[in-house]
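Engineer: Got a predicted structure here, sequence first:
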Amino acid sequence: YQRRVREASVLPNPTMNTSVNELNVSEDNQDENDPYSVDSDPPLVLIGSSSVSKLKYHQREHNESRVIVCNGTDKVAKKAANIISTQIIENPNSSIGLSVGATPSGTYQELAKLQKDGIVELDGCTFTLLDEFYPSSASDLPSAPHFHELQTSFFNLINVPEKAIQRPDSLLPPEQAASKYRDIGLLQKLDLVIVHCGPSGEIGWIKASTPLHYGAHVVTMGDEIKSPKQSRERLATNEGYWKVVTLGPANIFNAKKIILLALGRNKAKIVRKVISDQKGETFAGWLIHNHPNVQFILDTLAAKGLKFKNSNTLVTSMSGFTIMSESNQMFVNKVVTCFSPHPDDTSISAGATLALLSQRNSVSSCICTTGHRAYIPNTTTAQERILIRENEAREEAELLGIGVEFLRLPLYSRASQVTEEDVQIVKSFLQQNNIEVIFMPHTGDSHQTHRGCVKAILLALRELLSDAQHSVKSFEVFMYEGPWSLFAPGSYNFVVSPPSSAFVNKISGIRAHRSQTARTPYDRAADSLATLRASLVPEQDLGGFGAEPPQLADKIELFFHVTLSSPQVVDDYLQLVEKSKAPTTSH
């Protein structure tokens, strides 16, 4: 296949000896007979091949590449599944590239669960295998082991039809199968690929020395394994399989989005190398430093030794407003809780922000009351309704990737009148958990139960700030709005522009409260409010009317942020609660 050669932004292959500073591209340098080349848009320049003698180098700007650390393999799987589901919601006919193995299997199970729960619909998608093993002629091993593995771990769970699966033809010899599979790269660019980092920074059977222009091609395992240790590691489970047909680096690079996974303590060393690898000594390192949209998702064990900035200077400020997004989070390694007056307020008002913060902090939802007075069909007792609502809150927390606590404040049974008993329950929770960051309703919330909870929280904070023995000396407080009690202009000063995957978590969390959304479509209300805010706030508050607004996410959440560091400051906000007045930026 003949390639059109234009300028591309790639890091040089480490096997290339030529300097990258004074190189130029010429179409005449391309080998028209190279069977592995692909025609890409934008095309990849062939690097690391003797057929290219002149090459101009421009490093790709990769402001969308990022590292996400999750607390546990289950949260890695949920995060990756949410990113994939976001892609599918945006484009129901997405083409998804799949790798095999234990690392991505949890993601596939979570994705299947999202379809079962009605969060995402996968029927319109096409799934492409990234590689497939071929047995030696003397072996009686079954063909297509990777396809059969994905059938078990994913395809059969969601009833994917054969016509929606693209894979190397297992009935053909490897070279013919690769030639046939090469057409996939020409006919359809992948929308998203999920891959995982190998022990030496390779991805599947693609490593740094693989020519980057290669599309689907054949790898002979023996040629790739150079040491007895590698032989033991890579062939132990592949005995009898001698060749691999891989989709190739060009097709992976040309995908619009890439999810790269790494799990476990044994990956920590290579993860550190990959993240710092700006010379392209590993294929994974080359990929994350050159592709415009890579998300490298790790569990805490694989992230061991990485250092993250813990500074408020990472957060952007504009026109007196603070703007937080995934790439500039305000908090790292903090203990965060969201006080939810009723079991469903957390997701409705702050779900996307909490899902975002849960990546690098310990986050919980603290349910203040049982919510048993809400109408739920086919229930006759308060205990029935409490059980339903608290189970829904547990499901919500799992979807957001956070913990959950239940206070059952007595104020709910006495018309939201706050007593010392309520205050001590809240105070005890804050003390025992060393809470540093608090989300709660704003002081002018129109709902009586919400204001009662806010009062109990502020009174507890005042006592803690008066206690010289308490370890937390100040609290970062974020007051939120809800569809029933909106912020007026001047009542918020903090904008969260979350990734679309965090918003999928939010809507999933709201829908977990089926007993409530069956009565009132809070998911639609929250979605509409977030869309409205994203449409108007950039110009109305940040850029100024008629000016060019900043680029935020399609859906945002708003808060009033204040640092409470003394009992006197808390008293100011208690007065606002008594007057049912919202906070103001001039306060």
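Structural biologist: Perfect, thanks for sending it. Numbers count the residues shown, from 1 in each chain.
Engineer: Going by C-alpha atoms from here, please, whenever you check contacts or count neighbours.
Structural biologist: Will do.
Engineer: which element follows the lowest-mean-pLDDT helix or strand in the chain toward the C-terminus?
Structural biologist: In the chain, the helix or strand scored least confidently by mean pLDDT, DSSP states H and E is helix 228-235, which has a mean of 42. Proceeding N to C from helix 228-235, the next assigned helix or strand is strand 241-246, under DSSP states H and E.
Engineer: after that next one comes which helix or strand?
Structural biologist: helix 249-253.
Engineer: Tell me which other helices or strands that next one touches.
Structural biologist: Where contact means 3 or more C-alpha pairs under 8 Å, 6 or more residues apart in numbering; DSSP states H and E, helix 249-253 is not packed against any helix or strand.
Engineer: what pLDDT, on average, does the helix or strand that that helix is followed by get?
Structural biologist: As assigned by DSSP H and E, the chain's next helix or strand after helix 249-253 is strand 257-262. Averaged over strand 257-262, pLDDT sits at 95.
Engineer: just checking, what packs against strand 257-262?
Structural biologist: helix 102-116, strand 192-196, strand 294-299.
Engineer: Just the angle for that strand relative to helix 102-116, thanks.
Structural biologist: Strand 257-262 and helix 102-116 are oriented at 130 degrees to each other (axes from the mean of the first three to the mean of the last three C-alpha atoms, to 10 degrees).
Engineer: quick check: angle from strand 257-262 to strand 192-196?
Structural biologist: 10 degrees.
Engineer: mind starting the numbering at 230 from now?
Structural biologist: Renumbered: residue one is now 230, and that last one reads strand 486-491.
Engineer: outside of strand 486-491, which residues touch it?
Structural biologist: Residues from elsewhere that reach strand 486-491 (C-alpha atoms under 8 Å, 6 or more residues apart in numbering): 309, 332-333, 420-426, 481, 500, 522-528, 531.
Engineer: just to revisit the earlier point, so which of the helices and strands packed on strand 486-491 is nearest residue 637?
Structural biologist: helix 331-345 (30.5 Å; C-alpha to C-alpha).
Engineer: how far out from the middle of the chain is that closest one?
Structural biologist: Distance of helix 331-345 from the chain centroid (C-alpha atoms, centre = their mean, to the nearest Å) equals 14 Å.
Engineer: Now tell me what touches it from outside.
Structural biologist: Contacts of helix 331-345 (C-alpha under 8 Å, 6+ apart): 302-303, 305-307, 309-311, 313-314, 349-351, 382-383, 386-387, 423-425, 490-492.
Engineer: For ChimeraX, what selects the buried ones among those residues?
Structural biologist: Filtering the contacts of helix 331-345 down to the buried ones (16 or more other C-alpha atoms under 10 Å) takes a single ChimeraX command:
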select :302,305,306,307,309,310,311,313,314,349,350,351,382,383,386,387,423,424,425,490,491,492
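Engineer: out of the contacts of helix 331-345, which are inside helices?
Structural biologist: 302, 303, 305, 306, 307, 309, 310, 311, 313, 314, 386, 387 (DSSP state H).
Engineer: Kindly give a single PyMOL line that selects the buried subset of the contacts of strand 486-491.
Structural biologist: Filtering these down to the buried ones (16+ other C-alpha under 10 Å) takes a single PyMOL command:
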select buried, resi 309+332+333+420+421+422+423+424+425+426+481+500+522+523+524+525+526+527+528+531
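Engineer: Tell me who's in contact with the most centrally placed residue in the chain.
Structural biologist: Nearest to the geometric centre of the chain sits residue 308, at 4.5 Å (C-alpha atoms, centre = their mean). Contacts for residue 308 (C-alpha under 8 Å, 6+ apart) come out as residue 730.
Engineer: go again using 6 Å as the cut-off
Structural biologist: Going by C-alpha atoms under 6 Å, 6 or more residues apart in numbering, residue 308 touches no other residue.
Engineer: Repeat that for residue 382.
Structural biologist: For residue 382, no residue meets the contact criterion (C-alpha under 6 Å, 6+ apart).
Engineer: Test for you: state the pLDDT assigned to it.
Structural biologist: 91.
Engineer: Quickly note the distance from it to residue 327.
Structural biologist: Going from residue 382 to residue 327 by C-alpha to C-alpha, to the nearest Å gives 12 Å.
Engineer: Residue 449 too?
Structural biologist: When residue 449 is compared with residue 327 (using C-alpha to C-alpha), they lie 21 Å apart.
Engineer: Please point out which parts of stretch 803-816 sit buried.
Structural biologist: For stretch 803-816, the buried set under the neighbour-count rule, 16+ other C-alpha under 10 Å, comprises 803, 805, 806, 809, 810, 811, 812.
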